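Undergrad: coordinates for the following, if possible.
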Amino acid sequence: DHRTASCDPSNFLVMIKAGATRKYHTRREVWRNSTCPELYRNNSVRYRFMLGMPAHEMIDPASHNQHKRSNLDEIEDMGRMEKEASEYRDMEFLPL
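TA: Predicted coordinates for the structure are as follows:
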């Protein structure tokens, strides 16, 4: 029946808003160590943390700063996030 198939929890993905800086890493660790991931798994619900690329200064999306380069903090954040993403496999990077 198409009505019950659409309510199957495995058809859904819960996206948890997260940031790129260290404080968000700590928040993800707290969440991972809570009962939430197990509850989601037990109910066939998938989850992912959604993140954009690290930015430590305001970026005007209307400006045309093609020459803009990541600063050292942003590069370090990305390195930490790549390591965390490969370890936990629960992060999605969204192009912004």
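
Undergrad: for this structure, what's the longest helix?
TA: helix 72-88 (DSSP state H).

Undergrad: can you spell out which helices and strands pack onto that helix?
TA: Judged by 3 or more Cβ pairs under 8 Å, 6 or more residues apart in numbering; DSSP states H and E, helix 72-88 is in contact with helix 22-32, strand 91-93. Glycine gets a C-beta too; all of them are placed from N, C-alpha and C.

Undergrad: mind checking the pLDDT average for that helix?
TA: Mean pLDDT, helix 72-88: 89.

Undergrad: what comes up buried for that helix?
TA: 74, 77, 81, 84 (16 or more other Cβ atoms under 10 Å).

Undergrad: what residues are up against the last one?
TA: So the one you mean is Glu84. Neighbouring residues of Glu84 by Cβ atoms under 8 Å, 6 or more residues apart in numbering: 25, 28, 91.

Undergrad: now pLDDT, distance to Asn42 and neighbour count too, for these, in a markdown table please.
TA: Compiled in a markdown table, those are given as follows (pLDDT from 0 to 100; distance: Cβ to Cβ, whole Å; neighbours: other Cβ atoms under 10 Å):
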| residue | pLDDT | distance to Asn42 | neighbour count |
| --- | --- | --- | --- |
| His25 | 91 | 26 | 16 |
| Arg28 | 95 | 20 | 19 |
| Met91 | 94 | 21 | 18 |
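
Undergrad: looking at these, spot the one nearest Cys7.
TA: Using Cβ to Cβ, Met91 is the member of the contacts of Glu84 that sits closest to Cys7, with 26.9 Å.

Undergrad: that closest one contacts Glu82, doesn't it?
TA: No - Met91 lies out of contact with Glu82 (Cβ atoms under 8 Å); the separation is 9.4 Å.

Undergrad: for this protein, what helix or strand is lowest in average pLDDT?
TA: Every helix and strand of the chain was ranked by mean pLDDT, DSSP states H and E. The lowest is helix 2-5, at a mean of 59.

Undergrad: tell me the first helix or strand C-terminal of that helix.
TA: Using DSSP states H and E, the next helix or strand after helix 2-5 towards the C-terminus is strand 13-17.
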